[in-house]
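1. Quick one, what's the 3D model for this:
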Amino acid sequence: QVYLAESGGGLVQAGDSLRLTCTASTRRFTSFALGWFRQAPGQEREFVAAINWSGDTTTYSDSTKGRFTASRDNAKNTVYLQMNNLKPEDTGVYYCAAGHSTAVRALSGGYWGQGTQVTVSS
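-> Presented below is the predicted three-dimensional model:
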């Protein structure tokens, strides 16, 4: 079992930055790829970013590429999502997921955190 805890969400204005943190409680942290997803009210959950076990490969959705950066610190069992130039459409609950590859299906079928709310005002 892997427990994931997200933090760092909040209310910001358009153009601001936030850094989300997800900490995992597992001794096998490097066995997992990590991903970030988000869900806006009334909408389906969507993929945001993913990072492989070593941190040297990342993938992003088209809407976040160039603005968001995923990174991880394996010594701290932590993955980060640096979000710059935030837009109102980035508003939603952000979830961290752990899976055995960076594929969306693998992450979706893995372990999930409880989420952290990000609200971007215009």
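2. beta partners of the residue positioned nearest the centre of the chain?
-> The structure's the chain has its C-alpha centroid closest to W36; by CA atoms, centre = their mean the separation is 2.5 Å. Beta-bridge pairing of W36 under DSSP bridges involves A49, C96.
3. show me the contacts for it.
-> Going by CB atoms under 8 Å, 6 or more residues apart in numbering, W36 touches 20, 22, 48-50, 68, 70, 79, 81, 94-97. For every residue, glycine as well, the C-beta is placed using N, CA and C.
4. which of these has the most neighbours?
-> V79 (30 neighbours; other CB atoms under 10 Å).
5. Can you tell me who that one pairs with across the strands?
-> Per DSSP bridges, the residues bridged to V79 are C22, R72.
6. Could you verify my assumption that it touches C22?
-> Yes - the criterion here is CB atoms under 8 Å, and V79 meets it with C22 at 4.8 Å.
7. looking at this structure, which helix or strand is least sure?
-> Lowest by mean pLDDT, DSSP states H and E among the helices and strands of the chain is helix 104-108, with a mean of 90.
8. Count the residues that sit near L18.
-> L18 sits with 20 neighbouring residues when counted by other CB under 10 Å.
9. Now for the contacts of W36: which two are most distant?
-> Comparing every pair within these by CB to CB identifies F68 and A97 as the most remote, at 15.3 Å.
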